[in-house]
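Colleague: could you work out the structure for the sequence below:
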Amino acid sequence: MPTDASSSPPEISYAIEYQVFAGREYNEDFRGQGRLVIRPAGPSYVFSGKRRTLFSGESIEREFSADDIWNVSVSDRTIRFRTRNSGSAKPFFFLCQDAHAAAEVAGLLPSHVDEDFAATQDFASRLHALPAAASPWTSVTNVLVALNVAVFIVMGALGAGWFEVASMKPYVLYGANNGGVTTNGEWWRLVSCMFMHYGLIHLALNMWALFQVGHLLERLLGRALYTLTYLGSGVVASLASIIWHGDKIWSAGASGAVFGAYGALLGYMLREKHGVPKAVFQPILRSTLTFAGYNIFYGMVHPTIDNSAHVGGLLSGLVLGWLIALPLDPLARRQLFSRRLQAGLVTVALLVTAGIGLAPRFDYSMAEEMKWSEVTKDFSAKEVGIGTRQNDEWREFIRTGGNRTTYGRWIEDELIPLHERFAQQLEEMQLTPGKLTARRREVILQYTRLRLAGYRHLLVGVRERNEAELKSFADFNHRAQAELDQLPKEKK
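Modeller: Now for the predicted structure:
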């Protein structure tokens with residue numbers, strides 16, 4: 001029986017885009033602006049636009065039937081769907097003018113879904129329904145990123161540098177992790193080092209990785225367990241660095257804690273794999289293992305990267321993620337939360353206690369070593385020139401004796417006062433008895449006193465041409481050198 005074409009439902013047309021500017025997702029076939037025409041008779045869906053080639057402005061058109069489209073998903077103004085007719089393994093991708101238009105268009109597209117997609121959508125829906133931060137400002141991940149950026153700005157203002165390290169002094173003074181300092185009572189460095197970075201690129205890479213994993217893990221674990229996992233694995237990573245490197249490096253950066261977050265995500269997925277769809281579990285497993293494997297391998301071939309912290313963070317995060325994983329069911333989460341939190345706290349406490357126990361100890365104070373360096377640096381610089389002049393004057397005196405007057409005046413006005421001031425500075429230093437710096441100070445102080453005594457004999461010997469005084473000068477020099485041979489040279 002013939003039908004009246006005028007009774008057919010009218011076509012519906014929408015202006016769309018195939019790629020936002022600099023977007024990382026794009027349609028394989030189309031580019032730029034385009035149009036979607038929905039023909040209810042059929043129905044059929046006709047996409048038109050410019051062909052995706054570098055120079056071509058050719059207009060093309062692609063038509064799909066209802067059976068060609070399935071697994072439609074909407075995110076803000078973006079729509080994706082799978083199709084047998086796209087010519088690509090990637091989904092067909094386009095953008096509507098706004099979120100309202102996207103929801104309207106999605107409602108007009110076929111609702112066919114496969115099993116994996118339905119399970120993934122259900123997982124995403126249940127995940128989205130979990131309690132989360134009330135605003136971006138209360139998201140733990142966002143707060144952590146903000147704190148890292150704030151510390152970077154403060155450190156830059158203190159002279160640490162922006163694009164690369166300009167000075168290590170701010171790191172040494174204010175929080176980088178080093179076995180000799182941290183284990184000497186400054187245990188807070190286990191945490192402070194997690195918020196310091198060696199330049200803008202170091203910061204950007206760590207914050208990008210944290211942003212990628214943090215929001216998902218925060219939703220899966222909840223803010224309290226997520227915070228415990230991040231900070232706990234970060235502290236364990238700092239301890240692993242000390243155990244492996246001792247006092248040989250100054251470690252800083254969030255990467256140990258970020259590795260902990262990736263490890264926790266892996267632990268969660270392993271614990272809850274029966275409650276996580278395969279389409280969700282497998283990509284996360286692959287991406288986590290790829291991230292960890294690549295970065296650990298990269299650290300193995302670049303000795304400046306603290307791989308021990310990466311491994312320590314990853315393993316501790318894996319353990320924590322497995323222990324404190326919560327199912328997505330709200331009732332089960334409420335019932336298990338207290339036990340999971342207690343398990344996490346106990347695990348972190350045990351790991352940190354074990355790490356502190358295994359961490360090597362050092363018999364010096366970095367603060368005292370820095371004080372020692374300041375006191376001795378100026379004297380050492382002057383002593384080089386003084387020593388050269390002393391040798392020249394002494395040879396001239398022995399050869400002709402014609403410099404006796406000027407030599408004696410120089411000994412009295414410069415040589416002896418320099419050593420007297422240095423001895424006084426050493427005596428005034430407040431050092432911990434028995435520590436390396438104090439032991440070194442005693443040797444250098446005794447050496448300086450012996451040299452002073454020798455120079456006083458030298459002064460008399462030069463002025464009076466007194467052989468006995470000159471012999472005493474030589475004897476004191478010999479004793480001073482013997483004392484210097486007792487100097488502790490290494491930090492143990």
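Colleague: what residues sit buried inside stretch 205-217?
Modeller: Using 16 or more other Cβ atoms under 10 Å as the test for burial, stretch 205-217 gives 205, 206, 207, 209, 210, 213, 214, 215, 216, 217. Quick note: C-beta positions are derived from backbone N, CA and C, even for glycine.
Colleague: out of these, who's nearest residue 289?
Modeller: Comparing the buried residues of stretch 205-217 against residue 289 with Cβ to Cβ places residue 213 closest, at 13.0 Å.
Colleague: contacting residues around the closest one?
Modeller: Neighbouring residues of residue 213 by Cβ atoms under 8 Å, 6 or more residues apart in numbering: 258, 261, 262, 265.
Colleague: which parts of the stretch 1-150 of the chain are strands?
Modeller: 12-17, 30-39, 44-51, 59-65, 69-75, 78-83, 92-95 (DSSP state E, counting those that start in this stretch).
Colleague: the ones you listed: which one's closest to residue 242?
Modeller: strand 69-75 (44.0 Å).
Colleague: need the buried residues of stretch 205-217 in TSV (columns: secondary structure, pLDDT and distance to residue 292).
Modeller: Shown next, in TSV, are the buried residues of stretch 205-217 (DSSP: H, G, I helix; E, B strand; the rest coil; pLDDT from 0 to 100; distance: Cβ to Cβ, whole Å):
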residue	secondary structure	pLDDT	distance to residue 292
205	helix	88	15
206	helix	90	14
207	helix	93	18
209	helix	89	11
210	helix	92	14
213	helix	88	11
214	helix	90	16
215	helix	89	19
216	helix	88	16
217	helix	91	14
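Colleague: that's a strand at residue 323, yeah?
Modeller: No. According to DSSP: H, G, I helix; E, B strand; the rest coil, residue 323 belongs to no strand; its state is helix.
Colleague: elements contacting the helix or strand bottoming out on mean pLDDT in the chain?
Modeller: Every helix and strand of the chain was ranked by mean pLDDT, DSSP states H and E. The lowest is helix 278-301, at a mean of 74. Counting by 3 or more Cβ pairs under 8 Å, 6 or more residues apart in numbering; DSSP states H and E, the packing neighbours recorded for helix 278-301 are helix 115-129, helix 255-271, helix 307-324.
Colleague: now do the buried residues in that helix.
Modeller: For helix 278-301, by 16+ other Cβ under 10 Å, it's 279, 280, 281, 284, 285, 288, 291, 292, 295, 299.
Colleague: ditto for stretch 53-66
Modeller: 62, 64.
Colleague: now the angle from the helix or strand hosting residue 336 to helix 307-324?
Modeller: Of the helices and strands defined by DSSP states H and E, residue 336 is found in helix 330-358. Helix 330-358 and helix 307-324 are oriented at 140 degrees to each other (axes from the mean of the first three to the mean of the last three Cα atoms, to 10 degrees).
Colleague: helices and strands around helix 330-358, which ones?
Modeller: By 3+ Cβ pairs under 8 Å, 6+ apart, helix 330-358 packs against helix 223-245, helix 307-324.
Colleague: okay, those in CSV with distance to residue 438 next?
Modeller: Shown next, in CSV, are the helices and strands packed on helix 330-358 (distance: least, Cβ to Cβ, whole Å):
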stretch, distance to residue 438
helix 223-245, 24
helix 307-324, 31
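Colleague: the helix holding residue 336 - what's its average pLDDT?
Modeller: For helix 330-358, the mean pLDDT works out to 93.
Colleague: where are the low-confidence patches of the stretch 351-492 of the chain?
Modeller: 489-492 (pLDDT under 70).
Colleague: again, 80 this time
Modeller: Residues of the stretch 351-492 of the chain meeting the criterion pLDDT under 80: 488-492.
Colleague: you'd agree residue 326 is up against residue 225?
Modeller: Yes. Residue 326 lies in contact with residue 225 (Cβ atoms under 8 Å); the separation is 7.3 Å.
Colleague: the two: who's more crowded?
Modeller: residue 225 (26 against 22; other Cβ atoms under 10 Å).
Colleague: mind listing what the more buried one touches?
Modeller: With contacts defined as Cβ under 8 Å, 6+ apart, residue 225 is in contact with 324, 326, 337, 340, 341, 344.
Colleague: which residues are in contact with stretch 147-157?
Modeller: 162, 170, 171, 174, 195, 196, 197, 200, 203, 206, 207, 254.
Colleague: only whichever of these are buried, select them in PyMOL.
Modeller: Burial among the contacts of stretch 147-157 is assessed by 16+ other Cβ under 10 Å; the matching PyMOL selection reads:
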select buried, resi 170+171+174+195+196+197+203+206+207+254
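Colleague: and residue 170, what helix or strand is that in?
Modeller: Per DSSP H and E: helix 169-174 holds residue 170.
Colleague: which elements pack onto that helix?
Modeller: helix 140-157.
Colleague: neighbours around residue 156, how many?
Modeller: Neighbours of residue 156 using other Cβ under 10 Å come to 17.
Colleague: actually residue 405, not the one I wrote
Modeller: Counted with other Cβ under 10 Å, residue 405 comes out at 10.
Colleague: ok, and what's touching the helix or strand harbouring it?
Modeller: Residue 405 is part of helix 404-410, with elements assigned from DSSP H and E. Applying Cβ under 8 Å, 6+ apart, the external contacts of helix 404-410 come out as 389, 393, 396, 397, 459, 462, 463, 465.
Colleague: hang on, residue 177 packs against residue 238?
Modeller: Yes. Counting by Cβ under 8 Å, residue 238 is a contact partner of residue 177 at 5.0 Å.
Colleague: anything in contact with each of those two?
Modeller: 189, 190, 193, 251.
Colleague: which pair in those has the greatest spatial separation?
Modeller: Maximum distance among those (Cβ to Cβ): 10.0 Å, for 190 and 251.
Colleague: now list whatever residues contact both of these two.
Modeller: 177, 238.
Colleague: show me what the residue lying closest to residue 62 once chain neighbours are set aside is bridged to.
Modeller: On the basis of Cβ to Cβ, 6 or more residues apart in numbering, the spatially nearest residue to residue 62 that is not a chain neighbour turns out to be residue 47, at 5.0 Å. As for beta bridges, residue 47 partners with residue 36, residue 62 under DSSP bridges.
Colleague: list the contacts of the least confident helix or strand of the chain.
Modeller: Residues contacting helix 278-301 (Cβ under 8 Å, 6+ apart): 116-117, 119-120, 123, 209, 255, 259, 262-263, 265-266, 269, 273, 305-307, 310-311, 314.
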